[in-house]
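**Student:** quick one, fold the following:
(chains A and B)
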Protein chains: 2
Amino acid sequence: MLAKPYSLAVRAVIRNEHGHCLLLRRANACKRFVGRWELPGGKMDPGETFDAALRREVTEETGLSVEVLGVAGAFGFEMEKVRVATLCMETAVIGGTFALSEEHDKHAWIPMAQLLDYDLTDGWSDLARSWAARG
Amino acid sequence: MLAKPYSLAVRAVIRNEHGHCLLLRRANACKRFVGRWELPGGKMDPGETFDAALRREVTEETGLSVEVLGVAGAFGFEMEKVRVATLCMETAVIGGTFALSEEHDKHAWIPMAQLLDYDLTDGWSDLARSWAARG
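**Tutor:** Okay, here's the model as predicted:
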């Protein structure tokens, strides 16, 4: 059997002035992971660079403009037909007005040490634990 | 001042039957990091998917064919004109005959706990430390 194909996604760690991290809760409109919490981000479009994809997804999902500061980590998870590798980047807000899209129904700014208190989407609890340990 | 642009690279964790990880030493022919040790891999070509890029780079640099097993981690580093985000993937050898390219002059299979004994290329000593801690 051939292995499932891989796709690549990017997600943003966005922190406020207290160092708390922005989490978004997936709305009923979502096909999967309804009610679970995730970082802003998503899949790269064909031909799109990963940092352009990251800025686009963040703006679509939060209204915010961000610049990319550095690499925060990576995680993987499997869906029915595809495996997804997700690269997480530290970012800083440089503009925009906060507004959720239809994909999410709630947001929260969470101290890194409390990320694991939330029902996170698949694949990144180990990464969140490592961030929590680092503070 | 505008931030430096980002590029994306992929590197492979290839382990032998003892769980030791393949490191390659950069040859004098390299423009930078001569004599320092790295994982097989490199930059994605335009339009190339990251897993195709990974398989291509591994074959170019080691002669081996690999399949991608999962996400091993990520790291970043800066060069003069560009920042590089590198996604590292766990892989398994599925074929090929080992042969170095001109880019490297030596190879070694290293227990994860000893990776930090080597003069690693920029950016991934923290990641190597986390792998060493996990064993």
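**Student:** so which bits of stretch A:60-77 are buried?
**Tutor:** A:61-62, A:64, A:66, A:68-69, A:71-77 (16 or more other C-beta atoms under 10 Å in any protein chain shown). In short, each C-beta sits where N, CA and C put it, glycine included.
**Student:** oops, could you answer that again for stretch A:91-99 instead?
**Tutor:** A:91, A:93.
**Student:** pull up the residues of chain A that are close to chain B.
**Tutor:** Residues of chain A lying close to chain B by C-beta under 8 Å from any C-beta of the partner chain are A:3, A:5-8, A:47, A:49-51, A:67-68, A:70-76, A:83, A:85-89, A:130.
**Student:** what sits against the spatially closest residue to A:Glu78 that is not a sequence neighbour?
**Tutor:** Using C-beta to C-beta, 6 or more residues apart in numbering or on different chains and skipping residues adjacent in sequence, the residue nearest A:Glu78 is A:Lys4, 6.9 Å away. With contact set as C-beta atoms under 8 Å, 6 or more residues apart in numbering or on different chains, A:Lys4 has these partners: A:78, A:81-83.
**Student:** out of those residues, the closest to chain B would be?
**Tutor:** A:Arg83 (7.9 Å; C-beta to the nearest C-beta).
**Student:** I'd say that closest one and A:Phe75 touch.
**Tutor:** No - with contacts counted by C-beta atoms under 8 Å, A:Arg83 stays clear of A:Phe75, the gap being 11.4 Å.
**Student:** the residue nearest to A:Glu78 sits in which helix or strand?
**Tutor:** Here A:Lys4 is covered by no helix or strand, with elements defined by DSSP states H and E.
**Student:** can you tell me which helix in chain A is longest?
**Tutor:** helix A:50-62 (DSSP state H).
**Student:** what helices or strands is that one leaning on?
**Tutor:** Here helix A:50-62 touches strand A:6-14, strand A:21-26, strand A:41-43, strand A:64-78, strand A:83-96, strand B:6-14, going by 3 or more C-beta pairs under 8 Å, 6 or more residues apart in numbering or on different chains; DSSP states H and E.
**Student:** ok so, going back, need the buried residues of stretch A:60-77 in a markdown table (columns: pLDDT).
**Tutor:** Converted to a markdown table, the buried residues of stretch A:60-77 look like this (pLDDT from 0 to 100):
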| residue | pLDDT |
| --- | --- |
| A:Glu61 | 98 |
| A:Thr62 | 98 |
| A:Leu64 | 98 |
| A:Val66 | 96 |
| A:Val68 | 94 |
| A:Leu69 | 94 |
| A:Val71 | 97 |
| A:Ala72 | 97 |
| A:Gly73 | 97 |
| A:Ala74 | 98 |
| A:Phe75 | 98 |
| A:Gly76 | 97 |
| A:Phe77 | 95 |
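**Student:** roughly how far apart are the residue most central in space within chain A and B:Tyr6?
**Tutor:** Centroid-nearest residue in chain A, with C-alpha atoms, centre = their mean: A:Leu39, separated by 2.6 Å. From A:Leu39 across to B:Tyr6, the span is 18 Å (C-beta to C-beta, to the nearest Å).
**Student:** need the contact list for the nearest residue to A:Trp109 once chain neighbours are set aside.
**Tutor:** Counting by C-beta to C-beta, 6+ apart, A:Trp109 lies nearest to A:His20, which is 3.9 Å off, once chain neighbours are set aside. Going by C-beta under 8 Å, 6+ apart, A:His20 touches A:109-112.
**Student:** so of those residues, which ones are in strands?
**Tutor:** Residues of the contacts of A:His20 located in strands (DSSP state E): A:109-110.
**Student:** turn the contacts of A:His20 into JSON lines, columns for neighbour count.
**Tutor:** Below are the contacts of A:His20 laid out as JSON lines (neighbours: other C-beta atoms under 10 Å in any protein chain shown):
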{"residue": "A:Trp109", "neighbour count": "14"}
{"residue": "A:Ile110", "neighbour count": "19"}
{"residue": "A:Pro111", "neighbour count": "14"}
{"residue": "A:Met112", "neighbour count": "19"}
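**Student:** got TSV for the contacts of A:His20, with pLDDT too?
**Tutor:** Formatted as TSV, these follow (pLDDT from 0 to 100):
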residue	pLDDT
A:Trp109	97
A:Ile110	96
A:Pro111	96
A:Met112	95
